[in-house]
Every structure is written in C-alpha cells, then in structure tokens.
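In: here is my input; please provide its structure:
(3 chains)
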Amino acid sequence: MRHAKEYAEERAGTEPVAPAEYASVQRFYAGQMRLLDEGEGDAWADTFTEDGTFDQSSFAEPVRGRAAIAAAVRGRPAAPAGTVRRHWLGLPAAWRFPDGSVRTAYDALVVSTAAGAAPVIRLSTSCQDVLVADGDGWLVSHRYVGHDGQ
Amino acid sequence: MRHAKEYAEERAGTEPVAPAEYASVQRFYAGQMRLLDEGEGDAWADTFTEDGTFDQSSFAEPVRGRAAIAAAVRGRPAAPAGTVRRHWLGLPAAWRFPDGSVRTAYDALVVSTAAGAAPVIRLSTSCQDVLVADGDGWLVSHRYVGHDGQ
Amino acid sequence: MRHAKEYAEERAGTEPVAPAEYASVQRFYAGQMRLLDEGEGDAWADTFTEDGTFDQSSFAEPVRGRAAIAAAVRGRPAAPAGTVRRHWLGLPAAWRFPDGSVRTAYDALVVSTAAGAAPVIRLSTSCQDVLVADGDGWLVSHRYVGHDGQ
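Out: Numbers count the residues shown, from 1 in each chain, chains lettered A, B, ... in the order given. Got it, this is the predicted structure:
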C-alpha cells in the first residue's frame, strides 16, 4: 500500500475540482440518472458528447456516438412487467486534468423491485467518466462501467 | 423516447438550481433524514411548512399540516425490538420553478437490520418535493413518496 | 419526541456549514472512501490527523494514530478471492462547532459481490466524525462507526 503522496503523484497535474464545480458535477449526475430511470433514453444519450463513448465490462466493444448510445439504451432487455429498476449513484470523486476535462469515479447500483416483492440489488458497478464542460453543465465524453462479480 | 429538448420544454420556465443552492438542498436532506432516523419525529415535522402536505402512495389521502404530520410519524408501526431502520436518499435532482419554489426528485430506500442478521432493503421509493426557502435553509411544502412494487 | 428548537439547543453554539463547505466535505468523503475501496490503505490512513483516532462498536478500544490506523486497515480480514466489497456513504449531515471543527454524521453500507452472485449488503453502520481543516480539504481527527444489528 502507498502513502497519499505517492498516490497523488500518480495523478500528477490533476487537482480536486473546486466545491462549486463539485456540486455542479453531482447535479449533473442526479439529472442524468433520472432521465435513464424515467425511460427518457434519447434525452439520456444527449448527455453524452456527439462523439461520446460508452463502454461496459459486459460489452464486446465500446458504443460510439449519441445515436448508437441511444440505440443501445433502447435495446436493453426490458424489466419484467411490474418490476421497477432504479440506478443508485454513490458520491463521485472528481479531478480536473491538465487538458481541462474532469474525470470522475463513482460506484453505482441497480436496485430492482418486483410487484409485491422486497427490493433487491441486481448489480454493483464501479464507473469512470470523462466529463467536458457544456455551458454551466457537463457532457460525458467517455464512460466505463465495470460490473462486479464477473 | 424523447430528446433532451422536448423533455426540457415539459419543464418550461424551470431552470436547474445554482451549485451553491444545490449543495444547500443536499444539506437540508441530510439533516432532515437524520431527524427521522434518530426518532426526532416532531423536529422532523417542523421541517415541513406549517400547512405542508405529506402524501404517500400507501396513504388514502395526504396528511396536511405539521401537527398531523408529526402525529403520522408518531403513529408509524415501530420496528421490532433490536431492529434498526435507516432511510437512504439518492442524489436529488432539483429545478427552480417560476413561482420561486424548488422542486426535487430523488429515490429513497429503507434499509433494515435485525439483531444478528444481515441488512435488507425493506422498501424502495421515488419521491417528489416542493421546497420553499426558509432563511438559508428549506422547508417542505409538499412531499409525495411513491412506493415501488405496489 | 422533541421539537426542532430543543434539538437545536442540544447543539448549542453549532451552526450548519456553508454550502461551499458542505460540498467540500462531500468531496472529501468521496475521495477518502475511494482510497479504502481501491486498497490504498496507507493513503487512507493519511486522511486522518497524525494523532487521529478510529473507533468502531466492534473494537475493544479505539485505534490511535495514523500508523496504527494503517496497520488496522492492513489487518482487516480479506474478502474471499473474487469478491468485491464497496463502501457506500449516505449524504453527510455537518455542523460547525465553536472550536472550529466540523462534526459530521452519516450512514454507511458495505456492499459485497461474490463472483457470479448477486450483490448483498454485508453491513449497515452509522458514523460520526470530527473533521479539521487541512488546506482546502479535511482530515479526520476522530471517527466512530457503530454497527447496526449488534
């Protein structure tokens, strides 16, 4: 195990985002996740850059571009009728990189509730994004989602 | 599915809250939830406006006013002896409406741990609040809690 | 049950942290938790003050000082091979105390995923920290973690 100093050197040139920027990153994630869980897949895809990439450990290769990302989210297996699936995001860690991008790392769960049943955690993941500024908000230029237990 | 633009039009006249306001909304929720889980039901009811309403998908009709909300929280079925129940809130999405109110949407879980047992998720919900400013904090003027799986 | 006023008096002299400070506290926790889950135990111990204390309801006595805290985290029972354990933090409540410290209270879960299995919540806890300023960040001078269900 390494000390904070060495760990920091690995992220050489990076710095933590300022508090107001950190709040705006959280705000972005809260809205983005909501779009996904409300079935607004096209609007969700629009939170990626036009040429954004979306990769998962379960994908053979990354999905590239908004149109393909929207198609991928439309093509997801539907939950059984009466079952609600919700995405839960943990507090994101966020660093500003020398190229001006912000990189984040966070965990996410899928919580699934079938009619009349207790909720269960269906999936645990660890995610890494590259965000680029878009007005006073953000767009995802790259996302990687690693599934635990695979 | 719709694109971000159409989705935005549905929220015509609304705008995302500023980062500092977003942080203050989160701070409000962290404190409010804590009051509930620490058994401070009267203090929790005081985080609603005097004429606030609290509605749940499991209620026949909304509970109206602080006194009734405090009575409702006192009247909840107690957890079995030795069982701890905690409320978990997801990152809230928040929009400012033309009337000056802030409306939020967030998910919430109830995690329950019986003595000597593993924790289980007892309930998954999706919540919508109307918040009004109260000094440098917030009060809830309307809350709706939808229970998944019903 | 007590009203907000009485509850506030119990915290006499305290005040809620300002929104930007609240965001910086969240940013601290996001980074700290990440170090733990990435196996950076020494770097994680460095997020305590040199003479910081770390206490848990499962400990016979508090662990005192960074070196001992690092040793304690190294000495934790390892997860079975192929199992991923992640710490989840709820929204922290935070108060500034008259001595300048910030005290926080938050819940935390351990979510565990074995190879090929569904994730389970292994542990539910309630935590209380004393934080002291460290540049534009924070260090933990005291942490208490209470395990539910014991």
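
In: need the contact list for the residue of chain A most remote from its centre.
Out: The C-alpha centroid of chain A is most remote from A:Gly116, which lies 29.6 Å away (Cα atoms, centre = their mean). Listed by Cβ atoms under 8 Å, 6 or more residues apart in numbering or on different chains, the contact set of A:Gly116 reads B:Gly149. Placement of C-beta: from N, CA and C, glycine included.

In: same deal with A:Gly137?
Out: A:Ser24, A:Arg27, A:Phe28, B:Pro16.

In: mind checking the longest strand of chain A?
Out: In chain A, with assignment by DSSP state E, the single longest strand is strand A:120-134.

In: what angle separates the following helix or strand past that strand from strand A:120-134?
Out: Next helix or strand after strand A:120-134 toward the C-terminus (DSSP states H and E): strand A:137-147. Taking axes from the mean of the first three to the mean of the last three Cα atoms, to 10 degrees, one finds strand A:137-147 and strand A:120-134 inclined to each other by 140 degrees.

In: please compute how far strand A:137-147 lies from its chain's middle.
Out: Averaging C-alpha positions (Cα atoms, centre = their mean, to the nearest Å) puts strand A:137-147 5 Å from its chain's average.

In: likewise for stretch A:29-47?
Out: 11 Å.

In: one more: stretch A:120-140?
Out: 2 Å.

In: now it: buried residues?
Out: Residues of stretch A:120-140 classed as buried by neighbour count (16 or more other Cβ atoms under 10 Å in any protein chain shown): A:120-127, A:129-131, A:138-140.

In: for the lengthiest helix in chain A, what is the average pLDDT?
Out: Ranked by number of residues, the top helix in chain A under DSSP state H is helix A:19-37. Mean pLDDT, helix A:19-37: 96.

In: whatever helix or strand comes next after that helix - contacts with which helices or strands?
Out: Elements were assigned by DSSP H and E; along the chain past helix A:19-37, the next helix or strand is helix A:41-45. Secondary-structure packing of helix A:41-45 (3 or more Cβ pairs under 8 Å, 6 or more residues apart in numbering or on different chains; DSSP states H and E): helix A:19-37, helix A:66-74, helix B:4-10.

In: now, of those, which is deepest in the fold?
Out: Of all the helices and strands packed on helix A:41-45, helix A:19-37 carries the top mean neighbour count, a mean of 23, counting by mean count of other Cβ atoms under 10 Å in any protein chain shown.

In: next, the angle helix A:66-74 makes with that one.
Out: 60 degrees.

In: contacting chain C as well, which ones from the contacts of A:Gly137?
Out: Applying Cβ under 8 Å from any Cβ of the partner chain, the subset of the contacts of A:Gly137 adjacent to chain C is empty.

In: of those residues, closest to B:Val84?
Out: A:Arg27 (31.0 Å; Cβ to Cβ).

In: which residues are in contact with that closest one?
Out: A:Gly137, B:Pro16, B:Val17, B:Pro19, B:Tyr22, B:Ala93, B:Ala94.

In: 6 Å instead, please
Out: Residues in contact with A:Arg27 (Cβ atoms under 6 Å, 6 or more residues apart in numbering or on different chains) are B:Tyr22.
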